[in-house]
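J.: Sequence below, structure please.
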Amino acid sequence: MASIEPRRIAVCLGSLIVLLLVACGGESGEQSSARSQLDGGRWESLPRIQGVGSARPDDVAGAFAGGEVVVVSGESSGRPSQRIGGVAFRPDGSAGKLIATSSTKLGVGSYSVIGDGRRVYVWGGCCPGSQPHGLATGAVYDPKGDRWQELPQAPFGAGGHSAVWADDQMIVWGGITQMDLRDGKAFTATTNEGLAYEPETSSWRAIASAPLTPRTAAASVWTGDEMLVVGGLRTSGADRYEPLRDGAAYDPAADSWRPIPDAPISLPSAATDVPVHGAEAVWTGSEMLLWNGREGAIYDPGADEWRVMAPAPLSPRSEHSTIWTGPELIVWGGCCDSSGDGWADGAIYDPGDDRWRMVPEAPVSGRRAHAGVWTDGGMLIWGGQRGAGSAEPLLNGALYEPMGN
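T.: Purely as a prediction, here's the structure:
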């Protein structure tokens, strides 16, 4: 949830998310050492976009498609989004502009946004206002023509699902299908079923049932042959969600699943009373890298085994961006520091050396639930919210070019 690995892109859980705050302990020797290593890259603020203030974008997520970075946003305010809109930039962060809007309804956050290299697909979301079910609607955006086209209704709706672009189709799996509020508590239903959408026939089909329990917020990547799904949250009574470590791989050619070993870390890192954002995953071309806001792990499908990453020089967080640059992983932003503000720091991980180095200070404020996209020009971040208690959207961003990019 494209020229970059179409992971489950920054699916923002919007108003469904209440952040998992984790107390920060002391730093290990590796963490202190990594903090002294600073990447030599540079930041550049993005241009202000005229008219974006009146659009008040919420629940942002981005994708690189049609030669542009497209940041999609809904306008929910606790009800189904009445239109989908957003902003777009060139890969170098220039020529920012508002994009056309669509009247397709989305859920309150937790919808997926993925690119196929030419277009951007937006689908689902859960569960707005008096609508207790996940939404089965979506739309596709064409950056070249600046126009939207509504997708056909899917067989079922979900929010907080996993989504990948798999060569010529979009695959969605799992997620919250229903959320009921009773006596101030949330009772949710999740699924372990999935769907595939084929643009060529403009049709949906059900995929084989997974050998996994129903869940939401699972991490996923497309390897070129399989969709890897790992971790997530299962419901455990009212207002209770337990982290999972198991996973499976789906082969769309055979319409079959195979189990994979359990991850050595929880995804997300701890139990919670809200369906928080789970771990983020990227595909390197040969391995899946996972980071759960506190620690990371790497899965090698060829060897069918996991290994744990070196400790990150970052405080625990959620709603951060996790981006694959080609040779390295960047983690930036997220929530929240001791004052409740979003983090303004980040770090770069080199899987070859199993080492981290810090990203220089950004020219924009710290934030959570922002869009983060890798382009030819670097890491582009935009939007999001200032901190744990803030629903006011941030209407700015920046581009970071790592050293040697």
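J.: Quick check, G138 in contact with A154.
T.: Yes. Shown here, G138 and A154 form a contact pair, counting by C-beta atoms under 8 Å, at 7.4 Å. For glycine as for every other residue, the C-beta is placed from the backbone atoms N, C-alpha and C.
J.: Where does the prediction get shaky in the stretch 151-300 of the chain?
T.: Across the stretch 151-300 of the chain, the ranges flagged by pLDDT under 70 are 184, 186, 236-239, 268-278.
J.: Now do the contacts for G342.
T.: By C-beta atoms under 8 Å, 6 or more residues apart in numbering, the contact list for G342 reads 319, 333-336, 365-368, 384-387.
J.: which one among the residues you listed gets closest to G174?
T.: Nearest to G174 among the contacts of G342 is E319, at 19.3 Å by C-beta to C-beta.
J.: tell me, how many neighbours does that closest one end up with?
T.: Neighbourhood size, E319 [other C-beta atoms under 10 Å]: 27.
J.: Let me know the pLDDT of it.
T.: In this model, E319 is scored at 89, pLDDT.
J.: Over to G53?
T.: At G53, the model reports a pLDDT of 61.
J.: One more: P132?
T.: Turning to P132, the model gives it a pLDDT of 77.
J.: Next one: it relative to A158, how far apart?
T.: Distance of P132 to A158, computed by C-beta to C-beta, to the nearest Å: 13 Å.
J.: Give me the more crowded residue out of these two.
T.: Neighbours per residue, other C-beta under 10 Å: of P132 and A158, the larger number sits with A158, 35 against 16.
J.: Which residue comes closest to that one once chain neighbours are left out?
T.: Distances taken as C-beta to C-beta, 6 or more residues apart in numbering place G175 nearest to A158, at 3.3 Å, with adjacent residues excluded.
J.: now swap in T322 and tell me
T.: If the residues on either side of it in the chain are set aside, T322 comes closest to E280, at 3.4 Å by C-beta to C-beta, 6+ apart.
J.: Same check on S94?
T.: Spatial nearest neighbour of S94, chain neighbours left out: P47 (6.7 Å); criterion: C-beta to C-beta, 6+ apart.
J.: Next, the contact list for that neighbour, please.
T.: Neighbour list for P47: 93-96 [criterion: C-beta under 8 Å, 6+ apart].
J.: quick one: which of those is nearest T223?
T.: Here the nearest of those to T223, counting by C-beta to C-beta, is G93; it sits at 29.8 Å.
J.: how long is stretch 94-102 end to end?
T.: End-to-end span of stretch 94-102 (C-alpha to C-alpha, to the nearest Å): 24 Å.
J.: And for stretch 283-300?
T.: Distance between the two ends of stretch 283-300: 10 Å, counting by C-alpha to C-alpha.
J.: How much space separates the nearest residue to G387 once chain neighbours are set aside from A347?
T.: The shortest distance from G387 to any non-neighbouring residue, by C-beta to C-beta, 6+ apart, is to D341 (4.2 Å). Distance, D341 to A347, using C-beta to C-beta: 18 Å.
J.: Among the two, which residue is more densely surrounded?
T.: Higher neighbour count among D341 and A347: A347, with 21 against 18, using other C-beta under 10 Å.
J.: The spatially closest residue to that one that is not a sequence neighbour pairs with what?
T.: Leaving aside its sequence neighbours, A347 sits nearest to W356 (C-beta to C-beta, 6+ apart; 4.8 Å). With DSSP bridges applied, the residues forming beta bridges to W356 are Y349.
J.: In this structure W356 contacts G346, no?
T.: No. With contact defined as C-beta under 8 Å, W356 does not reach G346; the gap is 10.2 Å.
J.: what touches both of those two?
T.: When C-beta under 8 Å, 6+ apart defines a contact, no residue borders W356 and G346 alike.
J.: show me the contacts for the residue nearest to A347.
T.: Listed by C-beta under 8 Å, 6+ apart, the contact set of W356 reads 34, 37, 310-313, 347-350.
J.: and it, how far is that from V308?
T.: According to C-beta to C-beta, W356 and V308 sit 13 Å apart.
J.: Need the overlap of contacts for these two.
T.: Contacts common to W356 and V308, judged by C-beta under 8 Å, 6+ apart, are absent.
J.: What residues does the nearest residue to W332 once chain neighbours are set aside make contact with?
T.: Closest residue to W332 apart from its sequence neighbours, by C-beta to C-beta, 6+ apart: G346 at 3.1 Å. For G346, the contact set (C-beta under 8 Å, 6+ apart) comprises 314, 320, 330-333, 358-359, 362.
J.: Of those residues, keep whichever come out buried.
T.: By neighbour count, with 16 or more other C-beta atoms under 10 Å, these hold 314, 320, 330-333, 358-359, 362 as buried.
J.: which one of those residues is nearest T235?
T.: For the buried ones among the contacts of G346, the nearest to T235 is H320 (24.3 Å; C-beta to C-beta).
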